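Novice: Have a look at this prediction, sequence included:
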Protein chains: 2
Amino acid sequence: MKQQEVFKALADPTRRAILKRLQGGALTAGEIGEAFDITPASLSHHFAVLKHADLVRTERQGQFIVYSLNSTVMEDLTRMVLDLFPSKGSQGGKR
Amino acid sequence: MKQQEVFKALADPTRRAILKRLQGGALTAGEIGEAFDITPASLSHHFAVLKHADLVRTERQGQFIVYSLNSTVMEDLTRMVLDLFPSKGSQGGKR
DNA sequence: GTTATATTTAGAGATTTGTCTAAATATCTA
DNA sequence: TAGATATTTAGACAAATCTCTAAATATAAC
């Protein structure tokens, strides 16, 4: 997993909101876009970043492109976060 | 907790490395800097971002300024990440 | 008080990022 | 095939970000 891509992808509030929107299940690009005051082109850029980080999956269905969360990344992400902080009780104290 | 500040702070690899360095316990700015090929000024900028996100704490000790992880944020951060993804088994299926 | 060490602040410059408009691609429907 | 809809790609621009050098601040040691 590309740690850097994932953290970068999560750094933008619009992208985090996109992920949250997908929690309820897969949506087309257009359906996702309804919630944002942003052009389809800009939205598409965010999709590209999320895809590059492997946080979402896509599937074409006729005219539409359907986005869904890549839930397997969740585990990795949690691990990455946990890895950033010492486990409880193991932290170095005062010097 | 300022979610946006936290995610932004974590988006930079140098800052994540700083956090990892602090896992072993508190360190002075100079000690942290030894590991990076970067000027003290740039490092100080990263410290400011981490502090602003409340990810680290500081304490002056004479000439030195000692940085340590703010471990209480860990819990919040994990919650933020978990919140971004549906809990296992609850994810919406195909449409 | 002067000098040295540790760190931050200020300001500048190059790169990256998020947004837009315009144009391109893909699919559907008639 | 032609026209409509859905989405992406290309290119431009402003704002944010990371880095640097130079200067400022704070403490320590003499």
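Specialist: Now that the structure is in, tell me what you want to look at. If you're wondering where the values come from, they're calculated on a predicted model, not measured in any experiment.

Novice: So the residue nearest in space to the middle of chain A versus residue B:24, what's the distance?
Specialist: What sits nearest the mean C-alpha location of chain A, by C-alpha atoms, centre = their mean, is residue A:55, with 4.5 Å. Distance of residue A:55 to residue B:24, computed by C-beta to C-beta, to the nearest Å: 31 Å. The C-beta positions use only the backbone N, C-alpha and C, and glycine is treated the same way.

Novice: Residue A:75 too?
Specialist: Distance, residue A:75 to residue B:24, using C-beta to C-beta: 26 Å.

Novice: quick one: the strands in chain A?
Specialist: Taking DSSP state E as the criterion, chain A carries its strands at A:27-28, A:56-61, A:64-69.

Novice: Parallel or antiparallel, which strands does the second one pair with?
Specialist: This points to strand A:56-61. Strand A:56-61 has its sheet partners listed here by DSSP bridges as strand A:64-69 (antiparallel).

Novice: Run through the residues that contact the residue in chain A that DNA strand C sits nearest to.
Specialist: With C-beta to the nearest atom of the strand, the shortest gap between chain A and DNA strand C falls at residue A:62, namely 2.7 Å. For residue A:62, the contact set (C-beta atoms under 8 Å, 6 or more residues apart in numbering or on different chains) is empty.

Novice: Count residues in the vicinity of residue A:40, would you?
Specialist: For residue A:40, the tally of surrounding residues (other C-beta atoms under 10 Å in any protein chain shown) stands at 12.

Novice: who touches it in this structure?
Specialist: Counting by C-beta under 8 Å, 6+ apart, residue A:40 makes contact with A:29-30, A:33.

Novice: nearest to residue A:85, of the strands of chain A?
Specialist: Nearest of these to residue A:85, taken as C-beta to C-beta: strand A:64-69 at 24.3 Å.

Novice: Only the buried residues of the closest one, if you could.
Specialist: In terms of neighbour count (16 or more other C-beta atoms under 10 Å in any protein chain shown), strand A:64-69 has its buried residues at A:66-69.

Novice: Sounds good, over and out.
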